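>>> coords below, sequence missing:
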């Protein structure tokens with residue numbers, strides 16, 4: 001689940017939350033956070049925080065809010081197939 005949040009200065013963020021009690025899935029979310037934190041590119045959202053609330057089985061990543069078309073919507077608006085676009 002992804003929710004939009006706004007801080008006291010008006011900056012908007014995305015909070016991506018996963019609920020799991022599976023240790024492997026928890027490690028995958030942490031790996032995603034670590035990877036995004038390592039990367040620095042204008043087309044990749046910056047991450048700001050990793051929150052693991054174990055007693056609720058809830059893991060969240062706070063990151064830049066990306067607006068615009070979803071990947072699905074983008075493909076629906078681009079003529080041709082994925083193979084042709086490559």
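Nice, thanks for sending it over. Predicted model, so just to flag it, every value in this text is computed and none were measured.
>>> show me the helices in the protein, by range?
Counting by DSSP state H, the chain has helices at residues 23-38, 71-77, 82-85.
>>> and those, which one is worst for confidence?
Per-stretch mean pLDDT for the helices of the chain is lowest at helix 82-85 (a mean of 61).
>>> tell me which residue lies nearest the centroid of the protein.
By CA atoms, centre = their mean, the chain has its centre lying nearest to residue 16, at 5.5 Å.
>>> for residue 77, see how far away that one is.
Here residue 16 is placed at a distance of 25 Å from residue 77 (CB to CB, to the nearest Å). Any C-beta I mention is one placed from the backbone N, CA and C, and that applies to glycine too.
>>> right, and the residue nearest to the centre of the chain touches residue 63 too?
Yes. Counting by CB atoms under 8 Å, residue 16 does reach residue 63; the two are 6.6 Å apart.
>>> quick revisit: out of the helices of the chain, which comes closest to residue 9?
Residue 9 lies closest to helix 23-38 among those, at 21.7 Å (CB to CB).
>>> list the buried residues of the closest one.
Buried residues in helix 23-38, defined by neighbour count with 16 or more other CB atoms under 10 Å: 26, 29, 32-33, 36.
>>> again, but for stretch 41-59
45, 47, 50, 59.
>>> can you tell me which of the residues you listed are in strands?
Mapping the buried residues of stretch 41-59 onto strands (DSSP state E) picks out 47, 50, 59.
>>> residue 17: how many residues sit nearby?
Counted with other CB atoms under 10 Å, residues neighbouring residue 17 total 15.
>>> against residue 75, how distant is residue 34?
Distance from residue 34 to residue 75, by CB to CB: 29 Å.
>>> returning to that earlier point: just put the helices of the chain in CSV and tack on distance to residue 7.
Formatted as CSV, those follow (distance: least, CB to CB, whole Å):
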stretch, distance to residue 7
helix 23-38, 19
helix 71-77, 27
helix 82-85, 37
